[in-house]
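**Q** kindly generate the corresponding structure for this input.
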Amino acid sequence: MKQRILFALLMSLLLSSLMSCWVTWINLGLNNEFLSHWRKAFLGAWPVAAIIAFFIGPEVHKISTKLAGKWEALK
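**A** All right, here's what the predicted structure looks like:
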């Protein structure tokens, strides 16, 4: 359980920081208020991303394992 929580926190931290930066940059460009808008977007996204990663992550792992097995069978 500890590993699952840590994984969800780290994965959501990385993805929400990168995606909020990207989307903020696309929408606003690099301007004087970029960092404050990015921070606001990130702080709103990270908790949601962590919850999603924690609850949906195991199902995604099962699906990816199954798909990888099918992919190997095609070789």
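**Q** ok, the residue nearest the centre of the chain to residue 49 distance?
**A** Compute the mean C-alpha point of the chain, and by C-alpha atoms, centre = their mean the closest residue is residue 15, 3.3 Å away. Going from residue 15 to residue 49 by C-beta to C-beta, to the nearest Å gives 6 Å. For the C-beta atoms, the positions are set from N, CA and C on the backbone; glycine is no exception.
**Q** now the element after the helix or strand where residue 12 lies, going C-ward?
**A** Using DSSP states H and E, residue 12 sits within helix 2-28. Of the helices and strands lying after helix 2-28 in sequence (DSSP H and E), the nearest is helix 34-74.
**Q** helices or strands up against that next one?
**A** helix 2-28 (3 or more C-beta pairs under 8 Å, 6 or more residues apart in numbering; DSSP states H and E).
**Q** how far off centre is stretch 42-57?
**A** Distance, stretch centre to chain centre, for stretch 42-57: 7 Å (C-alpha atoms, centre = their mean, to the nearest Å).
**Q** for stretch 52-65, same thing?
**A** With C-alpha atoms, centre = their mean, you get 12 Å for stretch 52-65.
**Q** and it, C-alpha only, in CSV?
**A** This file holds the C-alpha atoms of stretch 52-65, laid out as CSV (Å, rounded to 0.1, in the frame of the first residue of the first chain):
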residue,chain,number,x,y,z
ILE,A,52,-7.0,9.5,-10.1
ALA,A,53,-3.6,7.8,-10.2
PHE,A,54,-4.3,6.1,-6.9
PHE,A,55,-7.7,4.7,-7.8
ILE,A,56,-7.3,4.2,-11.6
GLY,A,57,-3.6,3.3,-11.7
PRO,A,58,-4.1,-0.4,-10.8
GLU,A,59,-6.6,-0.9,-13.5
VAL,A,60,-4.4,0.8,-16.1
HIS,A,61,-1.5,-1.5,-15.0
LYS,A,62,-3.7,-4.6,-15.5
ILE,A,63,-4.7,-3.4,-19.0
SER,A,64,-1.2,-2.5,-20.0
THR,A,65,0.1,-5.9,-18.7
